[in-house]
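**Student:** Sequence plus predicted model, see below.
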Amino acid sequence: MSRGRHMRRREFITLLSGASVAWPLTASAQQPTIPLIGFLHSASPAAFAAPLAAFRKGLSEAGYVEGQNVAIEYRWAEGHNDRLPTLAAELVNRRVAIIVTPGSTAATLAAKAATATIPIVFVIGVNPVKIGLVTSLNRPGGNATGINDFGVEIAAKRLGLLHELLPGATRFGVLVNPKNPFITESYVAELQTAASAIGQQIEVVSASTSGDIDNAFATLVKKRADAFLISPDALFVTRRVQFIMLAVRHKLPALYHRREFAEAGGLMSYGSDLVDQFHQTSVYVGRILRGERPADMRRPTTSFTIIVR
């Protein structure tokens, strides 16, 4: 009898010990998981502090606070677009709920190539229908939706404004990033058509690094450009101080596509508000997290502003 009681006692203690291990594991497994947002961009974060703040503010207004009830995985290509497919694949493997690509056409295309199911919210400068991102502007279809800021479509308007500012100018330089072909090809085509209509010449120069930009300005000076424009490329936004310093040094007037250039000392800008676009993107993200489908979400209206320093 004594031996039987000891056996039962040991079995009871073993049972309690096992339960003490199992209970915390069960409780942990029942903890709710928070949604994970993937953020993919072709540039670097240093030049996008204000837009990122607007993005987080918009999320909080939608009820989602980073670090509390939503998490964000950031992936920046630092100007190397060839890294974007790998970075996009990393986000897909992390099983993010949404991929956000504001202000980067190259990042948007990389995300689209990486997944046909995870929702993608973009801000791009080229018609998303033309490059196959969506079926139509009012009914996107598929897994992508967002904002077209018409950065390419208003190229002729920018050239016209620059020509009004410099009526005696006959030769305009256009600086483009060859590693962003969807933007570059469309932008140059729009400008060449517009320049021919008013009897002007376009000189196209390419740059994809800081050193390239220095060389591009030397080429524009050599070809006697009277003024220049740049394509709406995220890389160029990060290099805006370099652009402005070189424009001043070489006495080349310029019209830029983002107000951040004019605010940093550039002569003039005409385009949509990047900070506002990041904020609008977060509104889309909040709606998707609450259950809306990207396929049914229309794009918002985009406004344009002329900034003259």
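**Tutor:** Great, that's in hand.
**Student:** my guess is Met141 contacts Val134, does it?
**Tutor:** Wrong residue type there; residue 141 is Gly, not Met. Yes. Between Gly141 and Val134 there is a contact under CB atoms under 8 Å: 6.2 Å. No exception for glycine: its C-beta is placed from N, CA and C like everyone else's.
**Student:** More neighbours: the two, which one.
**Tutor:** Val134 (27 against 14; other CB atoms under 10 Å).
**Student:** Look at the closest residue to the more buried one other than its chain neighbours and say how many residues are nearby.
**Tutor:** Sequence neighbours aside, Pro140 is the residue nearest to Val134 in space, at 3.8 Å (criterion: CB to CB, 6 or more residues apart in numbering). By other CB under 10 Å, 23 other residues sit near Pro140.
**Student:** For Pro140, give me the pLDDT.
**Tutor:** Looking at Pro140, its pLDDT reads 81.
**Student:** For it, which three-state class applies?
**Tutor:** Assigned with DSSP: H, G, I helix; E, B strand; the rest coil, Pro140 falls in the coil class.
**Student:** how close does it sit to Thr117?
**Tutor:** 15 Å (CB to CB, to the nearest Å).
**Student:** pLDDT below threshold where in this protein?
**Tutor:** 1-32, 298-309 (pLDDT under 70).
**Student:** where along it do the helices fall?
**Tutor:** 2-29, 49-61, 84-93, 105-114, 155-165, 181-197, 210-222, 234-238, 240-249, 259-263, 274-289 (DSSP state H).
**Student:** who wins for proximity to Lys130 among those helices?
**Tutor:** helix 181-197 (7.7 Å; CB to CB).
**Student:** for the closest one, packing partners?
**Tutor:** Secondary-structure packing of helix 181-197 (3 or more CB pairs under 8 Å, 6 or more residues apart in numbering; DSSP states H and E): helix 105-114, helix 155-165, strand 171-176, strand 201-206.
**Student:** one more time with 10 Å, if that's ok
**Tutor:** Counting contacts by 3 or more CB pairs under 10 Å, 6 or more residues apart in numbering; DSSP states H and E, helix 181-197 is packed against helix 105-114, helix 155-165, strand 171-176, strand 201-206, strand 227-230.
**Student:** In a markdown table: these, plus mean neighbour count.
**Tutor:** Output for the helices and strands packed on helix 181-197, formatted as a markdown table (neighbours: other CB atoms under 10 Å):
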| stretch | mean neighbour count |
| --- | --- |
| helix 105-114 | 25 |
| helix 155-165 | 19 |
| strand 171-176 | 23 |
| strand 201-206 | 17 |
| strand 227-230 | 24 |
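**Student:** Could you check stretch 256-266 and say which residues are buried?
**Tutor:** By neighbour count on 16 or more other CB atoms under 10 Å, the buried set for stretch 256-266 is 256-262, 264, 266.
**Student:** domain parsing for the protein?
**Tutor:** 36-150+274-303, 155-271 (automatic domain parsing).
**Student:** quick check, distance from the last one to the centre of its chain.
**Tutor:** Here the centre of mass of C-alpha atoms in domain 155-271, compared against the chain's by CA atoms, centre = their mean, to the nearest Å, lies 21 Å away.
**Student:** on that earlier part again, for the residue nearest to Val134, which residues are in contact?
**Tutor:** 120, 128-129, 133-134, 146, 293-299 (CB atoms under 10 Å, 6 or more residues apart in numbering).
**Student:** The helices and strands packed on helix 181-197: which one's closest to Pro45?
**Tutor:** That would be helix 105-114 among the helices and strands packed on helix 181-197, by CB to CB, at 13.2 Å.
**Student:** packing partners for that closest one?
**Tutor:** Packing contacts for helix 105-114, counted by 3+ CB pairs under 10 Å, 6+ apart, involve strand 36-41, strand 71-76, helix 84-93, strand 98-102, strand 120-124, strand 144-148, helix 181-197, helix 234-238.
**Student:** give me that answer again for 7 Å
**Tutor:** Counting contacts by 3 or more CB pairs under 7 Å, 6 or more residues apart in numbering; DSSP states H and E, helix 105-114 packs against strand 36-41, helix 84-93, strand 98-102, strand 120-124, helix 181-197.
**Student:** Compute the inter-axis angle for the longest one and strand 201-206.
**Tutor:** I take that to be helix 181-197. Angle, helix 181-197 to strand 201-206, by axes from the mean of the first three to the mean of the last three CA atoms, to 10 degrees: 160 degrees.
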